[in-house]
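> Sequence and computational prediction follow.
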Amino acid sequence: MNEAQSVIVETPSEAVRLVRMYRPQARNALNLVVRRGLMQALAEASEACEVRAVILTGDDKAFAAGADIGEMKDASPPDIHARRIEAFWESVGGFQKPLIAAVNGYALGAGCELALACDIVVAGRGACFGLPEVRLGIMPGGGGSQRLARIAGKHVALRYMLTGERFEAEAAWRHGLVTDLTADEETLPTALAIAEKIAAMPPLAVAKIKESVVKGLNAPLDAALALERQSYYFLNATADKEEGVAAFLEKRPGRFSGK
Ligand code: CAA
C-alpha cells in the first residue's frame, strides 16, 4: 500500500477538508507512512486559503489503534529520536485552523492522543478510547499524559493510564474528551455540520479564538488574558467586525471577507 492510499484527502466542500486515515488491515495504526501522510495533508490544508476547517477521521472499526507496535518492536531510543515523532505531533498541535476529530471504533494510544490534540471531538456511541501504553511497558509519548490530565483532570488521567483500561465514548464525553456524542452513523455528518458552521464564520475571529484558547492554556492566566485582550482589540479593527455588527442590526446574515 503506498503513502497516498494510507491517508485519503477528500473535499466535501471548498472550505472543508476531510482527512481519512486508511490502513484498515492494521486498525489504522499510525506507522511512519500514515504519520507522514497526515503531516502532508495538514500542511496542504494549512496552505490552502479556501480551507477553513479540517476533519480527521478513520473508518467504522478504528479512528486509529495507536502507534504501529510492529515498528516499535526493535526501536532503541536513538531510533525513536531519529524518527522525529515530535515533528508529527507539532504539526497537529500547532495546526492553526480548526481541527475536528470524527471518531468511530478504537482511538487507542497514539490514536487517542491524536483525538486529544484536536480542537473538537465528535464520537459515535460505539467508539472506544484508551491510553493502554502501560501494558506495553511504555507510556504515552505523543502528549497524551499531559493533554488527558489537562482535559479530564489528574484523577481520571491516572485512572485510565495506570490500568491501561479502555473507556467508552459515553465516559469520554462525561470526562470532557468528547464534545459531541452521536449515533455511529451520525459521527461524520455531525463533524461535517460543525465544520461547515465554523467555515461560515469570520475567519480572522475563528483564528484568533483558536489561538487565544490553545496558546492561553499553555500560559499563566495574566499572560493568557493579555493575549486575549490583544486579539480582541485586533478584531475590533477588522472589516468583518463592521459587517457582523451591521448584519445583526439590519437583521440579515453577515457576508464575511476575512479582512
Ligand atoms: N500496531 C500494529 N498493528 C496493529 C495495531 C497497532 N497499534 N492495532 C491493531 N493492529 C493490527 C493487529 O495486529 C491485526 O493484524 P493481523 O490481522 O495481521 O494480526 C489487525 O490490526 C487487526 O487487529 P485485531 O485482530 O487485534 O482486531 P480486534 O478488532 O480484535 O482488536 C484492537 C482491535 C483492540 C485495537 C487491538 O488490535 C489492539 O489492542 N491493538 C493495540 C492497541 C494498542 O495497544 N495501542 C497502543 C499502541 S502504543 C502507542 O500508541 C504508543 C505511543 O504513542 C507512545
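In hand now; what should we look at? Nothing here was measured: the structure is a model prediction, and the numbers come from that model.
> going forward, measure contacts and count neighbours with C-alpha atoms only.
OK.
> tell me the mean pLDDT over the strand or helix carrying residue 39?
Using DSSP states H and E, residue 39 maps to helix 32-47. Across helix 32-47, pLDDT averages out at 97.
> ok, residues contacting that helix?
Residues outside helix 32-47 that contact it (CA atoms under 8 Å, 6 or more residues apart in numbering): 3-4, 6-7, 9, 17, 19, 21, 51, 54, 88, 91-92, 95-97.
> Throw together a PyMOL command that grabs the buried residues out of those residues.
The buried subset of the contacts of helix 32-47, as determined by 16 or more other CA atoms under 10 Å, is captured in PyMOL by this line:
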select buried, resi 6+7+9+17+19+21+51+54+88+92+95+96+97
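> Go through the contacts of helix 32-47 and name the one nearest residue 105.
Of all the contacts of helix 32-47, residue 105 sits closest to residue 21, with 12.8 Å by CA to CA.
> Output the helix holding residue 39 in PDB, but only the C-alpha positions, please.
Extracted C-alpha coordinates of helix 32-47, given in PDB (Å, rounded to 0.1, in the frame of the first residue of the first chain):
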ATOM      1  CA  LEU A  32       5.700   6.200   9.700                       C
ATOM      2  CA  VAL A  33       3.800   6.300   6.300                       C
ATOM      3  CA  VAL A  34       0.500   7.300   7.900                       C
ATOM      4  CA  ARG A  35       2.200   9.900  10.100                       C
ATOM      5  CA  ARG A  36       4.000  11.300   7.000                       C
ATOM      6  CA  GLY A  37       0.700  11.300   5.000                       C
ATOM      7  CA  LEU A  38      -1.100  13.200   7.800                       C
ATOM      8  CA  MET A  39       1.600  15.800   8.100                       C
ATOM      9  CA  GLN A  40       1.500  16.300   4.300                       C
ATOM     10  CA  ALA A  41      -2.300  16.600   4.300                       C
ATOM     11  CA  LEU A  42      -2.200  19.100   7.200                       C
ATOM     12  CA  ALA A  43       0.500  21.200   5.600                       C
ATOM     13  CA  GLU A  44      -1.600  21.400   2.300                       C
ATOM     14  CA  ALA A  45      -4.700  22.300   4.200                       C
ATOM     15  CA  SER A  46      -2.800  25.000   6.100                       C
ATOM     16  CA  GLU A  47      -1.500  26.500   2.800                       C
END
